[in-house]
Structures are given as C-alpha cells and as structure tokens.
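> got a predicted model here, sequence first, then my questions.
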Amino acid sequence: MSLRSLKHAISLYAYLFVVWGFYRLLFFQLPETVEVLFLKPILWLLPTFFLIKKDKLSCKDIGLTWENLFPTIYFTLGLGTLFVVVALAANYLKYDSFQFTANLGQTPFFLSFLLSFITAFSEEIVFRGYIFTRFWQVLGSERTANIIVSLGWVIIHIPVAVLDWKMPPLDLVSYLFVIFIFSIGATFIYARTKNILAPIFLHVLWQWPIALFR
C-alpha cells in the first residue's frame, strides 16, 4: 500500500508540474482571485483528494486534525518570527534602509490575506500533507524525504518566477534558495506536529513579510 501511495505521489507531482507549468506558458493569466479561489483548488486539490480516497487514507493521515494544536502554534510563531527577521534584513540590505511599502497592488488587505491563506492551504495539503508523508513512509527517513520534497517544491515554483515574474538570474537563485529553506522548515515542523495547520500558518507568515517588506 505504501509503495502504491508513493507512485501516486510522484504521479501527482508530475501532473502538477506539467499542468501548472503549461498554465504559466499561456499568453493570458486569469485574475489572481479567480486563480486562487477556483483554478488552483480544482487543479491541485481535486486530484489530491481523489488519490487520498483511492489510497483509503483518513483526514488525519494528511494532517487535517486538531491534535497537537498548541505545539503547532508555538512552532509556527517561532519559525515565523525568524522569517520576519530575515525578510527585514533582506529589505534593509536591498534598499540601504527599511522600505515598508506594501506590495499588494489593487487588492484590498483582507482579500489579499484570504488569498494567501487559501493558496497556503492548497499547496500545503498537496506537498506536506500528501506527498511528503508518502515519501517519509516508504523511505523511512524524514530528512531524505524532506530534501526530496523541498527540491520538488523549488522546481514547481520555477515557471512562475521565470515566465510570470521574469526574474533576472541572481534574483532567481536567491528566490529559489529562500523557498527551499522555507520548505525545509515547513516540512520539519509538520513532521513534529503531524498537523497541517503548522505549515499552512507558516506559509502565510512567510508570504506576508515578503509582500510587505520587499
């Protein structure tokens, strides 16, 4: 059963990389609200929950639980605070002073926060809740599974960075390094808490310093 689940996890990742990467290649992009509220849940979550049902897994098997709630909060706030400090340091080094102009565009604050939470939910259910857990069970090594999944996390973010944001090479390398470190941290606390809320909250705490302080 575990080996079959691992094959499903690899297939899910390959599907997302191709489909999501192809979407980034299109000449048009849907509005962010439509993309986050409708497109991503359809393309990311529906196949994931289909495989969860096919593997006969429970909600608890992917971290959807209220257990370990307080350790989840402690871990998230601790590592989230570290991410804020790093974001502030990066902001200061980039501008030679602190520039706190929010990079939210025309999107209202509350809607931006809601979109970031839904994005975090979709991505963390897939990567931490399903894919990482399958690798961990089969490989028997949390560290190896964490590194593999974090590399996959980095690769799947390359299309948006290159095709949408058109990052120059040095900025791209820095961005990919930062999201790799984030993934390592998010996966680490998920392995400690077995609660998907931990990487979800951490994801939001990681996104907002970048949005507000870059």
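Structure's in. What do you need? Numbers count the residues shown, from 1 in each chain.
> surely residue 159 and residue 16 touch.
No. With contacts counted by CB atoms under 8 Å, residue 159 stays clear of residue 16, the gap being 10.8 Å. Where C-beta positions appear, they are placed from N, C-alpha and C, glycine not excepted.
> of those two, who's got more company?
Neighbours were tallied for residue 159 and for residue 16 using other CB atoms under 10 Å; the higher tally belongs to residue 16 (20 against 16).
> what about the nearest residue to residue 17 once chain neighbours are set aside, neighbour count?
Counting by CB to CB, 6 or more residues apart in numbering, residue 17 lies nearest to residue 156, which is 5.5 Å off, once chain neighbours are set aside. By other CB under 10 Å, the residues close to residue 156 number 18.
> pretty sure residue 156 is touching residue 16, no?
Yes. Counting by CB under 8 Å, residue 16 is a contact partner of residue 156 at 6.4 Å.
> quick check: which ranges of this protein have low pLDDT?
Of all residues in the chain, those with pLDDT under 70 make up the ranges 1, 27, 87, 90-91, 93-95, 97-109, 208-214.
> ok, which stretches of it are helices?
With DSSP state H as the criterion, the chain has helices at 2-25, 32-34, 40, 46-54, 69-95, 109-124, 133-139, 142-159, 169-193, 197-213.
> now do the contacts for the residue nearest to residue 17.
13, 16-17, 20-21 (CB atoms under 8 Å, 6 or more residues apart in numbering).
> just the buried ones from those residues?
13, 16, 20 (16 or more other CB atoms under 10 Å).
> count of residues packed around residue 53?
9.
> gap between it and residue 72?
25 Å (CB to CB, to the nearest Å).
> got JSON lines for the helices of the chain, with distance to residue 60 too?
Below are these laid out as JSON lines (distance: least, CB to CB, whole Å):
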{"stretch": "helix 2-25", "distance to residue 60": "15"}
{"stretch": "helix 32-34", "distance to residue 60": "31"}
{"stretch": "helix 40", "distance to residue 60": "24"}
{"stretch": "helix 46-54", "distance to residue 60": "11"}
{"stretch": "helix 69-95", "distance to residue 60": "13"}
{"stretch": "helix 109-124", "distance to residue 60": "15"}
{"stretch": "helix 133-139", "distance to residue 60": "11"}
{"stretch": "helix 142-159", "distance to residue 60": "18"}
{"stretch": "helix 169-193", "distance to residue 60": "12"}
{"stretch": "helix 197-213", "distance to residue 60": "13"}
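> tell me which of the ones you listed sits most buried.
helix 197-213 (a mean of 22; mean count of other CB atoms under 10 Å).
> for residue 55, grab phi and psi.
phi -80, psi 0 (degrees, to the nearest 10).
> ok, the closest residue in space to residue 187 that isn't next to it in sequence - contacts?
Nearest-residue entry for residue 187: residue 146, 4.5 Å, with adjacent residues in sequence omitted and distances by CB to CB, 6+ apart. Listed by CB under 8 Å, 6+ apart, the contact set of residue 146 reads 132, 183-184, 187-188, 191.
> if you set the cut-off to 10 Å instead, what comes out?
Applying CB atoms under 10 Å, 6 or more residues apart in numbering, we find residue 146 in contact with 128, 132, 135-136, 183-188, 190-191.
> what do you get for residue 131?
Contacts of residue 131 (CB under 10 Å, 6+ apart): 5-6, 8-10, 12-13, 16, 48, 51, 62, 125, 145, 148-149, 152-153, 187.
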